[in-house]
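In: Structure for the following, please:
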Amino acid sequence: MDGVIASVKHVSLSARSAIRCIEALSDAVQGVIIKGLSQANYFSLAIDESTDSTDVAQLCVYVRYFDGKEFREELLSLIPLEGHTTGDIIFMKLEELFRLHSLSFERLNLIVTDGAPAMVGKHRGLVSRLKKHGPQMHGLHCLIHQSVFCAKLSGELKEVMDKVMRVIRFIRGTSSTQHRLFRQLVAESEEATHDDLLLHNDVRWLSKGKALDRFCALLDEVKAFLRLSKIRAAADHLALLGDEKFMSNVAFLADIFGHLNQLNLQLQERGKTIDMVEKLESFTRKEMFESDISTGRLLHFSALKSQALGQVTELMVDFIKQLRANFTSRFEDYTIPKYIIAFVRDPLTVRLSGDFTSQAKQMIPSLDEAALEMELIDFQTSSLVRDALRSAESTHERNRLTHKYLENCLRIKVTSISPDIQKIATDGRCQFSH
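Out: Below is the predicted model:
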């Protein structure tokens, strides 16, 4: 019997069988999500639109809700937009989705978008359209999008970034032969810590920092390759890499975008709403970057210190000051009182006081302070609640596809819900006549 089971496990599924399995798992997860939403008092949405490799815009609709035990963050739908992507069309697609699953905009209390005109336009944007159906709803510009905008390059530093990318494209994009020869040179180098350069894409937030970091790490190999190249442009690129001021700016950008990438990854963690606010506040208050580079200590600018011999320019100091100012202005409304943060982290350790309830009232004007105080006393004195909280485990943790199959694959990939495999198998079992 064991041999039979082992043999069955090694039998490859057909493409159609694999599709049916994915569809069944996705439908099961979707069923749990819709059931949870139908029972939730309120829920929020995060909506973003991007274009896939076939130039079809895909509208990603993520939902956050409380299912009675914990907060869930799940993919509600991936909606293809094959024509225009105006606010009216996005609203129509979202309205169809809500109608399909019998959901109501009246229970939608928050929507987070990328800040594009189609989303936040005053008259025809998605948010303004939704507020007509749910006046209680609030719109929010995605914190991660805003953090990326804070570090947008301009002027001389943008020119530096563009020139670096021209060198990378010269090596990777001039011809497949040239790219292979560079990879071969890197493979033969005993000092190389990577096997290739990376291209930068504005759509991928982390790629700018990663491309710069990889470029600095393979700088010696890049120079060696340019020296060997017989193409005329290689000499111009090599001369550019010999410019100390230019390379100082490159090293500086590699360092600062490394710090920004670290912040970006911290903001992307699941279930970290309070942590996101704290991380942003922490980054905004890091005067040490400005002091570190102004004094020339460069404790937090390792690439600048090692590769450019610590040549600090006024341009770098100004960029750090402007970066901090951008973060301060964009996120000044996202500060949360320490009492509230402590309560969200562990409601049993917060001492009940007038300060706490009054601050909570400022954040949520409709809150009944008297009812909150009474409920908190009952909550904190309940041994059942205390035992439940203390014992709960916590974690920190294409090819050409049809639109529906892409949505199914993405839903299974990102979900935290465990499908009922036994029920799926039972429901899908063939029925034999007797």
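
In: Quick check, pLDDT for the residue nearest to Asn41 when sequence neighbours are not counted.
Out: Using CB to CB, 6 or more residues apart in numbering and skipping the chain neighbours, the partner closest in space to Asn41 is Arg107 (6.7 Å). To be clear about C-beta, it is placed using only N, CA and C from the backbone, and glycine gets the same treatment. pLDDT for Arg107: 87.

In: In this model Ala40 seems to touch Arg107, though I could be wrong.
Out: Yes. Using CB atoms under 8 Å, Arg107 is in contact with Ala40, at 7.0 Å.

In: which residues in the stretch 1-150 of the chain form helices?
Out: 2-9, 15-39, 87-100, 117-120, 126-133, 143-150 (DSSP state H, counting those that start in this stretch).

In: possible to save these as TSV with mean neighbour count?
Out: Below are those laid out as TSV (neighbours: other CB atoms under 10 Å):
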stretch	mean neighbour count
helix 2-9	8
helix 15-39	15
helix 87-100	16
helix 117-120	18
helix 126-133	18
helix 143-150	18
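
In: in the stretch 51-200 of the chain, which segments are predicted with low confidence?
Out: Within the stretch 51-200 of the chain, the stretches with pLDDT under 70 are 52-53.

In: in it, which spans are strands?
Out: Ranges of strands in the stretch 51-200 of the chain, per DSSP state E, counting those that start in this stretch, are 57-66, 71-81, 108-113, 138-141.

In: could you redo these as CSV and give each row distance to Ser128?
Out: Output for these, formatted as CSV (distance: least, CB to CB, whole Å):
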stretch, distance to Ser128
strand 57-66, 17
strand 71-81, 19
strand 108-113, 11
strand 138-141, 8
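
In: His200 is nearest to which of the ones you listed?
Out: strand 57-66 (22.1 Å; CB to CB).

In: got a list of contacts for that closest one?
Out: 33, 36-37, 40-52, 71-82, 85, 90, 93-94, 97, 403, 406 (CB atoms under 8 Å, 6 or more residues apart in numbering).

In: in the stretch 301-434 of the chain, which ranges drop under the pLDDT threshold?
Out: Looking at the stretch 301-434 of the chain by pLDDT under 70, you get 308-310, 332-342, 344-346, 349-350, 352-354, 363-364, 382-401, 405, 425, 428-434.

In: Would you map out the domains in the protein?
Out: Per automatic domain parsing, the domain ranges recorded for the chain read 2-141+401-427, 149-334, 338-391.

In: so how far is the longest one off the chain centroid?
Out: Spelled out, that is domain 149-334. The gap between where domain 149-334 is centred and where its chain is centred comes out at 20 Å by CA atoms, centre = their mean, to the nearest Å.

In: filter the contacts of strand 57-66 to the buried ones?
Out: Buried residues within the contacts of strand 57-66, counting neighbours by 16 or more other CB atoms under 10 Å: 33, 36-37, 40, 43-49, 72-81, 85, 90, 93-94, 406.

In: tell me the average confidence for whichever strand or helix holds Ser291?
Out: Assigned by DSSP states H and E, Ser291 belongs to helix 287-295. Here helix 287-295 scores 83 as its mean pLDDT.

In: next SSE after it?
Out: Immediately after helix 287-295, counting by DSSP H and E, sits helix 302-307.

In: other SSEs contacting that next one?
Out: helix 207-217, helix 244-267 (3 or more CB pairs under 8 Å, 6 or more residues apart in numbering; DSSP states H and E).

In: among those, which is nearest Glu375?
Out: helix 244-267 (31.6 Å).

In: Please name every helix or strand in contact with whichever helix or strand comes after the closest one.
Out: Heading C-terminal from helix 244-267, the first helix or strand you meet, by DSSP H and E, is helix 273-284. Judged by 3+ CB pairs under 8 Å, 6+ apart, helix 273-284 is in contact with helix 143-150, helix 244-267, helix 314-330, helix 338-345.

In: Give the buried residues for the third one.
Out: This points to helix 314-330. 315-316, 319-320, 323-324, 326-327, 330.

In: what packs against that helix?
Out: Partner elements for helix 314-330 (3+ CB pairs under 8 Å, 6+ apart): helix 143-150, helix 155-173, helix 244-267, helix 273-284, helix 287-295.

In: tilt between it and helix 287-295?
Out: 160 degrees (axes from the mean of the first three to the mean of the last three CA atoms, to 10 degrees).

In: again, but for the longest one
Out: Angle between the axes of helix 244-267 and helix 287-295 is 170 degrees (criterion: the same axes, to 10 degrees).

In: Which positions within helix 244-267 qualify as buried?
Out: In helix 244-267, counting by 16+ other CB under 10 Å, buried: 246-261, 263-264, 266-267.

In: picking up where we left off before, columns distance to Phe215 on top of the buried residues of helix 314-330, output as JSON lines?
Out: As requested, these are exported to JSON lines (distance: CB to CB, whole Å):
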{"residue": "Leu315", "distance to Phe215": "19"}
{"residue": "Met316", "distance to Phe215": "18"}
{"residue": "Phe319", "distance to Phe215": "19"}
{"residue": "Ile320", "distance to Phe215": "21"}
{"residue": "Leu323", "distance to Phe215": "21"}
{"residue": "Arg324", "distance to Phe215": "25"}
{"residue": "Asn326", "distance to Phe215": "25"}
{"residue": "Phe327", "distance to Phe215": "26"}
{"residue": "Arg330", "distance to Phe215": "29"}
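
In: Having no further points to raise, I will conclude here.
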